[in-house]
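Chemist: Sequence and predicted structure are below.
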Amino acid sequence: MSLDRAVLAFAGIVVLTGLALAQFVHPAWLWLTAFAGANMLQAAFTGFCPAAMVFKRLGVKPGTAFR
């Protein structure tokens, strides 16, 4: 799995987890989904992605989007 796919998969998991927690636990969990969306938006404009940095340190091979 490349770094790009790992970051996108992680973002998807965070969004879906936030939605499930909001549905079954408490609506305040929607803030997790909002945070994930805001982080994806800023990464699109700046190229800075904290999750990509973590995955790089874990040894995930680089992709083309997050260098």
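Modeler: Now that the structure is in, tell me what you want to look at.
Chemist: how about the helix ranked longest in the chain: buried residues?
Modeler: Secondary structure of the chain per DSSP state H: the longest helix is helix 3-24. For helix 3-24, the buried set under the neighbour-count rule, 16 or more other C-beta atoms under 10 Å, comprises L3, D4, A6, V7, F10, A11, V14, V15, G18, L21, A22. All C-beta atoms are positioned from the backbone trio N, CA, C, and that covers glycine.
Chemist: Need the mean per-residue confidence for it.
Modeler: Averaged over helix 3-24, pLDDT sits at 96.
Chemist: possible to save the buried residues of helix 3-24 as CSV with distance to M40?
Modeler: Putting the buried residues of helix 3-24 into CSV (distance: C-beta to C-beta, whole Å) gives the following:
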residue, distance to M40
L3, 15
D4, 13
A6, 14
V7, 9
F10, 11
A11, 6
V14, 10
V15, 9
G18, 13
L21, 19
A22, 18
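Chemist: Which of the residues you listed sits closest to L30?
Modeler: A22 (4.6 Å; C-beta to C-beta).
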